[in-house]
Each structure stands twice: as C-alpha cells, then as structure tokens.
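Asks: just coords:
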C-alpha cells in the first residue's frame, strides 16, 4: 500500500515524486569566537544556503562542541543577549564546587550552559530564504572565557 493511500493529503504519485527531486548539501563552517558571548552567524549561514541553490527545504545545524551552543534569538536589542548571558551565569556560575574542572572554573559551567541552550537547530527554507522571523538571528554562544575556534555542521535537504 502506498503511503499516500493511508494519508490522502500526501501525493506520492510518480509524477509528484519526479517534480520534487530532493537535493542535499552539507558543509562545516568555522568561526573564531572572542570568548564568552553570542556571535551572530546568520549572514554566513544564509550566504551558504543561497549558494546551494536549494529554495525549499530544511536546514539543520549542529555545534560540534560541548562548551558552546546555538540559539535563535533577538537580533535588534543587544540588551536581550546580555540579559540572556547574565541569566545563564546565574544558573551555572563559575565555581570550584564542580568535580569536572579539568580546564578551569569556567569548564563545567560551560557544559551546563550548552546543555541548557542546545547544540542543534532546525530552520525551514522557504522561497530561497531562511524562514527566520523579523527579529531573529542565529547565534553561536561561546560559554568559555577564552577565545576558541568553533565548528558548526550544516545539512540542507530540499528542492
């Protein structure tokens, strides 16, 4: 039984499948962070998406680190981002009370902050553009005090 037969709102006829040939593109982008903070990486990601030629689909992002993370957040008022960072500092303060402190007192709090904010994002691509809201930007959150070189893996599937 065809999938569309069980779900009549899905057209899985050979003609529909032929028209919507799926493509995929992958890359790893590298970003240098200045230390603790949020780096807006929206432009770089949007530029790569446009270069793929995929106009409709789903973009997934993965931060390849355990002490940095990805967020979609306000891109107009800087106070939103500083308030968010301050709030994360209150939730996971630097301290010598953590068992894991191999790289110093900001090591374990960075892991906790990455756990809270997440390392994955999924963003629809509609009409050749990332379907972000008016005031949304994609941010790489550096949770360590020192500068780091961070990698974000991108996978775009669509047509």
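Replies: Alright, I've got the coordinates. Bear in mind the structure is a predicted one, so any value in this text is a computation, not a measurement. Residues are numbered from 1 along each chain as shown.

Asks: make it CA atoms for all contacts and neighbour counts henceforth
Replies: Will do.

Asks: Just give me the longest helix of the chain.
Replies: The longest helix of the chain (DSSP state H) is helix 78-91.

Asks: What lies in contact with that one?
Replies: The contact list for helix 78-91 (C-alpha atoms under 8 Å, 6 or more residues apart in numbering) reads 37, 38, 73, 74, 113.

Asks: Next, work out how far apart the most centrally placed residue in the chain and residue 60 are.
Replies: Residue closest to the mean C-alpha point of the chain, counted by C-alpha atoms, centre = their mean, is residue 121 at 3.9 Å. From residue 121 over to residue 60 the distance is 6 Å, taken as C-alpha to C-alpha, to the nearest Å.

Asks: what helix or strand is the residue nearest to the centre of the chain on?
Replies: strand 120-126 (DSSP states H and E).

Asks: so how far is that strand off the chain centroid?
Replies: Computed by C-alpha atoms, centre = their mean, to the nearest Å, the chain-centroid distance of strand 120-126 equals 8 Å.

Asks: Where do the helices of the chain begin and end?
Replies: 3-6, 14-19, 42-52, 78-91, 107-117.
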